[in-house]
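> Need coordinates for the below:
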Amino acid sequence: MITLPVQAVQVLPHRNSMCCIDTLVACDENSATALVCLNDDFIFIEGKHLNPAAYIELAAQTAGAMMGFLAQAQGRSPLEGFLVGVQNFTIHHIASVNDILTIKVLINSVFEQITVLEFQIYKDNILCAEGNIKVYLPNTSQ
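Here you go, the predicted model:
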């Protein structure tokens, strides 16, 4: 049985430098929390700062880790989802090398094969970014 915390590579299809989150630390049917430490060789570091587009990828991978964890907990194969939309995306603080980020996602709604999640990304208690993502899950009947 898979238990928390779990390394992200155990619940995501992403490998090597494309796995952007380190650990899934909390997860239930509606929400998840992941952590990542931004080191010098993190794929989305430019100079010493996080590329703004990376916040969206961190949120999407946290959502994917949540879905993968829940699927494995039910004895199913993880679903392969696709990010299909971003709304209300705001950056409040730029993260830098050596920052540890906490990524939180919460399911807002599910319609057919589209799941809408809100996300917040924090460094310590500082809100770095927030918004909504839409994820397409083509195999929800598995």
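
> got the residue ranges for the strands in this protein?
Assigned by DSSP state E, the strands in the chain fall at 6-7, 23-27, 31-37, 45-46, 49-50, 82-91, 100-111, 114-123, 126-136.

> which residues does the residue nearest to the spatial centre of the chain contact?
In the chain, the residue lying closest to the centroid (C-alpha atoms, centre = their mean) is Thr62, at 1.8 Å. Neighbouring residues of Thr62 by C-beta atoms under 8 Å, 6 or more residues apart in numbering: Ile21, Leu24, Ala32, Thr33, Ala34, Ile103, Lys104, Val105, Phe119. Yep, even glycine has a C-beta here, placed from its N, CA and C like the rest.

> quick revisit: turn the strands of the chain into a markdown table, including mean neighbour count.
Shown next, in a markdown table, are those (neighbours: other C-beta atoms under 10 Å):
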| stretch | mean neighbour count |
| --- | --- |
| strand 6-7 | 16 |
| strand 23-27 | 20 |
| strand 31-37 | 21 |
| strand 45-46 | 13 |
| strand 49-50 | 21 |
| strand 82-91 | 13 |
| strand 100-111 | 17 |
| strand 114-123 | 20 |
| strand 126-136 | 19 |
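
> among those, which is nearest Ala71?
The closest of these to Ala71 is strand 23-27. By C-beta to C-beta, the value is 11.2 Å.

> by how many degrees do the closest one and strand 100-111 diverge?
Using axes from the mean of the first three to the mean of the last three C-alpha atoms, to 10 degrees, the inter-axis angle of strand 23-27 relative to strand 100-111 is 50 degrees.

> next one: strand 23-27 to chain centre, how far?
Centre-to-centre, strand 23-27 and its host chain are 10 Å apart (C-alpha atoms, centre = their mean, to the nearest Å).

> isn't Val45 right next to Asn98, touching?
Quick fix: residue 45 reads Ile, not Val. No. The criterion here is C-beta atoms under 8 Å, and Ile45 misses it with Asn98 at 10.3 Å.

> Thanks again, I'm all set now.
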